[in-house]
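Asker: Next come a sequence and a model predicted from it.
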Amino acid sequence: MPIYQRCPHKGCKSDQSLKNKKCSRCAQPLPRENKTYKLIIWHNNQTVTRIFSGPLEKAKNLEAKIKAELVEGLYYDRRKKAPTLHQIWKQYHLWSQKNNKGWYSYLSTYNANIKKPFGKKELDKISSSDIRKFILNLENKNRSPKHIKNVLALFRRLYNFSIEEDLYKGHCPIKKKHIPRIPRREPETLSPEQLGSLWNACEKNQDYQVGAIVKFLTLTGRRRGEALGLLWQDVDVAKATYTIRDTKSGHDETLPMNQWTMKLLKQHPRVMKSAYVFPDNNGDMRKEINKEWKKIKQLAGLPDNFRLHALRHAFASFLVSEGVDLYIVQKLLAHKSIAMTEKYAHLANKKLQEGAQVMDQILEDALSGENKADSIS
């Protein structure tokens, strides 16, 4: 398994013994550093030829690696053209539509962030340096760390999918150090006054369906997709329950309805021939409500950055603040584990503190009563 050094001089490019200091063909001196090597590896009548630029030690390591892969039957000729990222995306998108509830958000993330800069690039042509520049560009556009993290997560999914499906045998250029840290923040919530303003805005909104969706999310703490996918057959007014199919935790969840939710659904008109509670204009499952949600926010006077998902946080925050046990809140939110619900624990601690302070008043009342008795005597 020979390794040759290549003559770098134009018009020559011949292969030379590692011992040579001059080219045996053109008589020009061979470089002492920044050499290029030609590797020839044989195994079971299979020949692999590679050109490598770098230290001799790394060339020997590459030679040993290829030899080992040939012996184990795992060798992949990386000179073959790798698929483009968009070719992988098209296959992943088809798979995701059948297997992943988040496929629609992935489509939006890919089209808005990844397709233009990387879609036409082959997977092995995207480097860690490209990723660093890409992240810097997103930061310059004032994209949040969470947004960047979500984009990189989809990027990694595409590479992992290509490797798992044996479409690509290289490596993902995104490293752990590229993933931005997300600063922990308090869950978004609403004040009682904001809750009232939001409710009135839903009443006034021209699209009654979207107004009803926002009300439903506020009353139940459901995720957007769970509300949009709710079917009339899964609403049981007689038992005051509704069922969410195939939740994020992977199970169907039958949950109790409060009186306001029952009133909302009883009064909510059914769209002819539609199985969905909150369908689009064609009676199909609604995909987005972003435009109408922005109108409702403005009408309610809520901050521009207040997210629809924050209604879920508000639901949990209201319950915990009123002393509802975290375990009950976990079940109502259909969290897979109590750890996901514990971010609201500080609100329960405030309630405990208020409870502990009741003793202050009891003692003060007792002492004031004792003082009154002393003054009378």
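Answerer: Great, that's in hand. Residues are numbered from 1 along each chain as shown.
Asker: Find the helix or strand that the residue nearest the centre of the chain is a member of.
Answerer: Residue closest to the mean C-alpha point of the chain, counted by Cα atoms, centre = their mean, is residue 150 at 4.3 Å. Using DSSP states H and E, residue 150 sits in helix 145-164.
Asker: Make sure residue 258 is actually in contact with residue 221.
Answerer: No - when contacts are counted by Cβ atoms under 8 Å, residue 258 is not listed as touching residue 221 (10.8 Å). Quick note: C-beta positions are derived from backbone N, CA and C, even for glycine.
Asker: which one of those two has more residues nearby?
Answerer: Per other Cβ atoms under 10 Å, whichever of residue 258 and residue 221 has more neighbours is residue 221, with 22 against 11.
Asker: Could you give the secondary structure assignment for the residue nearest to that one when sequence neighbours are not counted?
Answerer: Nearest non-adjacent residue to residue 221, counting by Cβ to Cβ, 6 or more residues apart in numbering: residue 315, 3.2 Å away. Here residue 315 is recorded as helix under DSSP: H, G, I helix; E, B strand; the rest coil.
Asker: tell me the helices in the stretch 51-200 of the chain, going along the chain?
Answerer: Counting by DSSP state H, counting those that start in this stretch, the segments of the stretch 51-200 of the chain that form helices are 56-72, 85-99, 103-109, 115-118, 128-140, 145-164, 192-204.
Asker: Any chance of CSV for those, columns mean pLDDT and distance to residue 43?
Answerer: Shown next, in CSV, are the helices of the stretch 51-200 of the chain (pLDDT from 0 to 100; distance: least, Cβ to Cβ, whole Å):
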stretch, mean pLDDT, distance to residue 43
helix 56-72, 86, 4
helix 85-99, 89, 30
helix 103-109, 85, 42
helix 115-118, 94, 36
helix 128-140, 90, 31
helix 145-164, 90, 24
helix 192-204, 92, 70
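Asker: Export the ones you listed to TSV and append columns for distance to residue 279.
Answerer: Shown next, in TSV, are the helices of the stretch 51-200 of the chain (distance: least, Cβ to Cβ, whole Å):
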stretch	distance to residue 279
helix 56-72	54
helix 85-99	20
helix 103-109	16
helix 115-118	30
helix 128-140	35
helix 145-164	28
helix 192-204	18
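Asker: wait, which of those helices is closest to residue 46?
Answerer: Nearest to residue 46, of all the helices of the stretch 51-200 of the chain, is helix 56-72, at 6.3 Å by Cβ to Cβ.
Asker: Residues touching the closest one, excluding its own?
Answerer: Contacts of helix 56-72 with the rest of the structure, by Cβ atoms under 8 Å, 6 or more residues apart in numbering, involve 1, 3, 18, 35, 37, 39, 41, 43-44, 46, 48, 50, 52, 75-76.
Asker: now do stretch 163-177
Answerer: Stretch 163-177 is contacted from outside by 76, 78, 82-83, 88, 91, 123-124, 126-128, 130-131, 152, 155-156, 159-162, using Cβ under 8 Å, 6+ apart.
Asker: any idea where the strands of this protein begin and end?
Answerer: Secondary structure of the chain (DSSP state E): strands located at 3-6, 15-16, 36-43, 46-53, 235-236, 241-244, 253-256.
Asker: which stretches of the protein have low pLDDT?
Answerer: Applying pLDDT under 70 to the chain flags the ranges 1, 74-80, 101-102, 182-187, 249-250, 345-358, 360, 369-377.
Asker: So what are the structural domains in it, by residue number?
Answerer: 3-72, 85-178, 192-347 (automatic domain parsing).
Asker: what about the ones you listed, which gets the closest to residue 367?
Answerer: That would be domain 192-347 among the domains of the chain, by Cβ to Cβ, at 27.8 Å.
Asker: Now find how far off-centre that closest one is within its chain.
Answerer: With Cα atoms, centre = their mean, to the nearest Å as the basis, domain 192-347 stands 21 Å off its chain's centre.
Asker: and residue 62, how far is that from residue 171?
Answerer: Distance of residue 62 to residue 171, computed by Cβ to Cβ, to the nearest Å: 15 Å.
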